[in-house]
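> Structure for the following, please:
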Amino acid sequence: MPAPDSYDAVIVGGGHNGLVAAAYLARAGQSVLVLERLATTGGAAVSTRPFDGVDARLSRYSYLVSLLPHKIVRDLGLDFAVRKRTVSSYTPTVRGGRATGLLVGGDRTRDSFAALTGSDREYEAWQRFYGMTRRVAEQAFPTLTEPLPTRDALRERIGDKEAWRTLFEEPIGVAVEKNFRDDLVRGVVLTDALIGTFADAHDPSLLQNRCFLYHIIGGSTGDWDVPVGGMGALTDALARAAREAGAQIRVRHEATRIETDGTRAEITVRSPEAEHVVTARKVLVNASPQALAALLGDEPPTPAEGAQLKVNMLLTRLPRLRDRSVDPREAFAGTFHIAEGYGQLADAYRDAAAGRLPTAPPSEIYCHSLTDPSILGPGLAARGYQTLTLFGLHTPARLFAADNAATRAELLTATLAELDAHLDEPITDCLAHDENGEPCIEAKTPLDLEQDLRLPGGHIFHRDLAFPYATESTGRWGVETAHANVLLCGAGAVRGGGVSGVPGHNAAMAALGR
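Predicted coordinates:
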């Protein structure tokens, strides 16, 4: 019987982090094999044409870029770019029976705050608060691709006692309520603490703080940028970089078992042809901690639970707004907040925690094609078509357990109704239709993400985020496991979550002994 194929490193999972690790290791002269269960690489960071016969290539799951260090793009020579959005956010509301809203970004920001609140106080508080988060970002973000600092070392590096207390020690709701008075402004600030995370503003676990931190440190600025060509442009570039460096990538090859003695591992692989074994000095697992435990036969960690709704839409035109002071192209260019006032977010959390769908589901929307029309075929772009991506909050997986399809439909209807409350026409009137005459809209619940991508409980971060500093159990890079030659390079690593490539980079550095 022939000996199994042998490699320096086998990477389980061809998502973006696995591809980052593969490219780094192959460029270092290692023999590398990437095993991907699906027919294509990319995992959740892919672009697809979800609507039959329609030439629109959407970022189906993940959709914006903030946490990807330029260092990775530069190191790997990636042909990949992002674009800044012209507007940060727009949040519609009704004041005194009049449709209005808060526009953040550009020269109109101060005037928009004043028109909403009647003074400059909230704008000045906003400037102070985000000046503080910017200073934290400038110090914290560069550490993501370095060995984990200790808690004390990170605190000293940040060098701001008040900022440390605000972000790392007391619930973020304390700072939101201390700094801001307006309910709508408070809600806009809080949203960054809740995206992909089910928590209250005052949760003593500080889970919301950890989510907030990762949303405000990206690129040392906190900016969330549009990937040119869609998210698949990044993972396509990563796959090219890995292959050009010499890595082998095999799709429709699923790792089903890892056995290791700490120095050498045997990986059982199931392919369409047969089941076989490969060996490696090191194994890097770009999957969830639950999947890692199953592969190793270890005790699984605490189950994770996602809490979001993801909706993709293609429109023939942007809808008209009830707030006539802002152009729809301006409002949808950034993040368009729906039902995300501070009190509304608290109500939605209480509803979901009690086991029912939020009465007013909060969500946020953005239009990729306004910033990057290249994802649309020439015919669609010429006719003024636009994409919308909606991300709903506070909808934990448990709410869908009894009947996922029926609950998905109910939640989608309620979410679109909240959007329609701020439009001058129903959003459904603007939807394009596919070649079968069906409206171009799709919705994904946490259970759908678990089914499609094997995200545990549909959790987009694989598990609860951790602060980016070392603890007794983290290891040097935050990717180590109980097995000396098995590393976790997926979003469940410390400093994982989001489209960042950071766990892939850090696992490669750990594997190389750097």
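> what's the spacing between A414 and H215?
Applying CB to CB, to the nearest Å, one obtains 25 Å for the distance of A414 from H215. Yep, even glycine has a C-beta here, placed from its N, CA and C like the rest.
> Just want to know which of the two has more residues nearby.
Using other CB atoms under 10 Å as the criterion, A414 and H215 rank with H215 on top: 22 against 16.
> Now for that one: which residues touch it?
For H215, the residues meeting the contact criterion (CB atoms under 8 Å, 6 or more residues apart in numbering) are S66, D192, A193, I195, G222, W224.
> mind running it again at 7 Å?
Taking CB atoms under 7 Å, 6 or more residues apart in numbering, we find H215 in contact with D192, I195.
> Tell me which helix or strand it sits in.
Counting by DSSP states H and E, the element that carries H215 is helix 207-216.
> Show me where the stretch 251-400 of the chain has its helices.
Listed in chain order, the helices found in the stretch 251-400 of the chain under DSSP state H, counting those that start in this stretch are 289-296, 328-331, 342-353, 368-371, 378-382.
> which outside residues touch the third one?
Going back to what we said before, that points to helix 342-353. For helix 342-353, contacts defined as CB under 7 Å, 6+ apart pick out 183, 186-187, 190, 194, 200-201, 357-362, 393-396, 399.
> Please apply the same query to the first one.
Outside helix 289-296, the residues that touch it by CB under 7 Å, 6+ apart are 255, 257-258, 285, 299-301, 454, 456, 462-463, 481, 483, 486, 488, 492.
> what mean pLDDT does stretch 443-453 have?
Per-residue pLDDT values over stretch 443-453 give a mean of 97.
> which residues sit in contact with T48?
If a contact means CB under 7 Å, 6+ apart, then T48 has R57, L58, R60 as its contacts.
> can you list the residues that contact stretch 227-235?
Outside stretch 227-235, the residues within contact range by CB under 7 Å, 6+ apart are 16, 19, 41-42, 45-47, 57-59, 62-63, 65, 80-83, 372, 374-375, 499.
> Narrow the residues you listed to those that are buried.
16, 19, 41-42, 45-47, 57-59, 62-63, 65, 80-82, 372, 375, 499 (16 or more other CB atoms under 10 Å).
> Give the buried residues for stretch 304-317.
For stretch 304-317, the buried set under the neighbour-count rule, 16+ other CB under 10 Å, comprises A304, E305, G306, A307, Q308, L309, K310, V311, N312, M313, L314, L315.
> and the end-to-end length of that stretch?
Across stretch 304-317, the terminal residues are separated by 38 Å (CA to CA, to the nearest Å).
> State the mean pLDDT of it.
Per-residue confidence for stretch 304-317 averages out to 97 on the pLDDT scale.
> Please enumerate the strands of the stretch 201-350 of the chain.
Taking DSSP state E, counting those that start in this stretch, the strands of the stretch 201-350 of the chain run over residues 226-227, 248-251, 254-260, 265-270, 275-285, 309-315, 335-338.
> Which elements pack onto the longest one?
Here strand 275-285 touches strand 5-12, strand 265-270, strand 486-488, helix 502-512, going by 3 or more CB pairs under 7 Å, 6 or more residues apart in numbering; DSSP states H and E.
> and if we set it to 6 Å?
In this structure, strand 275-285 makes packing contacts with strand 5-12, strand 265-270, strand 486-488, judged by 3 or more CB pairs under 6 Å, 6 or more residues apart in numbering; DSSP states H and E.
> Flag the shaky bits of the stretch 251-400 of the chain, pLDDT-wise.
Low-confidence segments of the stretch 251-400 of the chain, defined by pLDDT under 70: none present.
> cool, and the stretch 1-150 of the chain?
Applying pLDDT under 70 to the stretch 1-150 of the chain flags residues 1-3.
> What segments of it are strands?
5-12, 32-36, 47-48, 58-59, 82-83, 89-95, 98-104.
> out of the ones you listed, nearest to A239?
Ranking the strands of the stretch 1-150 of the chain by their distance to A239 (criterion: CB to CB) puts strand 32-36 first, at 8.6 Å.
> now that closest one: how far from the chain's centre is it?
A distance of 24 Å separates the C-alpha centroid of strand 32-36 from that of its chain, computed with CA atoms, centre = their mean, to the nearest Å.
> What strands line up against it, and which way round?
Pairing partners of strand 32-36, with direction, according to DSSP bridges: strand 5-12 (parallel), strand 248-251 (parallel).
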